[in-house]
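# take this sequence and fold it.
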Amino acid sequence: MRARNAVVDEFTRLHALFVFHFGIAVSLTWISALYAAWHAPWVRNIRALIDPSPSAQIESTGAFLFGLPLLMTFAWLSVAFGGGLLRRMQTIKNQSAEFALAGAAAFAVFYMAIERAVTVTLLGG
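Presented below is the predicted three-dimensional model:
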């Protein structure tokens, strides 16, 4: 019984750390997206300004800037309020490795969101 409590406590600790740091990342993406939106050219197709090739997809400034922060917000809320479900859906035996993998995926989306905000800020400035 003691080993089971230690596993549960380890999950709770890692989950709390992940939710806290993921929340900071979500806040930073929203701050950078809002700052970029203040300086961005508001056009129907911002991709044409970034990549003028004819094969570039059409994407408005709002969708380009706020799509990934919105996705991260939904992911953060589902992780924050779905801890019990995550505990039951463990896919990797090592919990630290599972949270590290989730952190790497979250960091990749965070990086893409910040990169988009920086690109638009440089485009508008």
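# centre-most residue in this protein?
Nearest to the geometric centre of the chain sits Met72, at 3.6 Å (CA atoms, centre = their mean).
# show me what the helix or strand hosting that one packs onto, helices and strands only.
In this structure, Met72 sits in helix 61-81 according to DSSP states H and E. Under the contact definition 3 or more CB pairs under 8 Å, 6 or more residues apart in numbering; DSSP states H and E, helix 61-81 sits against helix 2-39, helix 95-124. Where you see a C-beta, it was placed from the backbone N, CA and C, and this is true even at glycine.
# by mean pLDDT, flag the weakest helix or strand of this structure.
helix 47-50 (a mean of 85; mean pLDDT, DSSP states H and E).
# okay, that one in PDB with CA atoms only?
Taking Å, rounded to 0.1, in the frame of the first residue of the first chain, the C-alpha atoms of helix 47-50 are listed here in PDB:
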ATOM      1  CA  ARG A  47       1.000  34.400 -45.100                       C
ATOM      2  CA  ALA A  48       1.300  36.200 -48.400                       C
ATOM      3  CA  LEU A  49       3.300  39.000 -46.600                       C
ATOM      4  CA  ILE A  50       5.500  36.400 -44.900                       C
END
